[in-house]
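1. Dropping the sequence and predicted coords here.
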Amino acid sequence: MAIIMTPEQLRDLLATLLEGAAGGTHDAWLRAIGPVEKLPTHLNITCNWAVHPKGTAAQKNAIARAVELVREEHPYVAP
C-alpha cells in the first residue's frame, strides 16, 4: 500500500530521483520541477497532482519521465 505524501514530500522525491538518475543538484531539480499542484479529486479521478516544469527541454523530458514513474506508486497527494 502506497503512502500518501504531501505535495512538498512528492516534490522532494521527484528531485531525489532526478538527481540520482540524471545528475545535477537537488536544488536545481527542485527549481526545475516547480511546485506540485494539488488538483480536486472529483475532477481528477486517477490522480490529484500535477507539475508544470521549467528549464531546458532535456530537464522537462526527464521530469516527465520521473512523474510517470512516481505517479504509478503515488497517484494522490494529501492536503
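-> Cool, the structure landed.
2. which of the residues in stretch 15-28 are buried?
-> 15, 17-19 (16 or more other C-beta atoms under 10 Å). For glycine as for every other residue, the C-beta is placed from the backbone atoms N, C-alpha and C.
3. Just the terminal-to-terminal distance for it.
-> Across stretch 15-28, the terminal residues are separated by 8 Å (C-alpha to C-alpha, to the nearest Å).
4. Now it: average pLDDT?
-> Here stretch 15-28 scores 96 as its mean pLDDT.
5. got it, and stretch 41-54?
-> Here the average pLDDT along stretch 41-54 is 91.
6. Report the distance from it to the chain centre.
-> In terms of C-alpha atoms, centre = their mean, to the nearest Å, the centre of stretch 41-54 is set 10 Å apart from its chain centre.
7. and that stretch, which residues are buried?
-> For stretch 41-54, burial by neighbour count (16+ other C-beta under 10 Å) applies to 48-49, 51, 53.
8. can you check stretch 63-73 too?
-> 63, 66-67, 70.
9. Just to be sure, which of those are found in helices?
-> 63, 66-67, 70 (DSSP state H).
10. Done for today, thanks.
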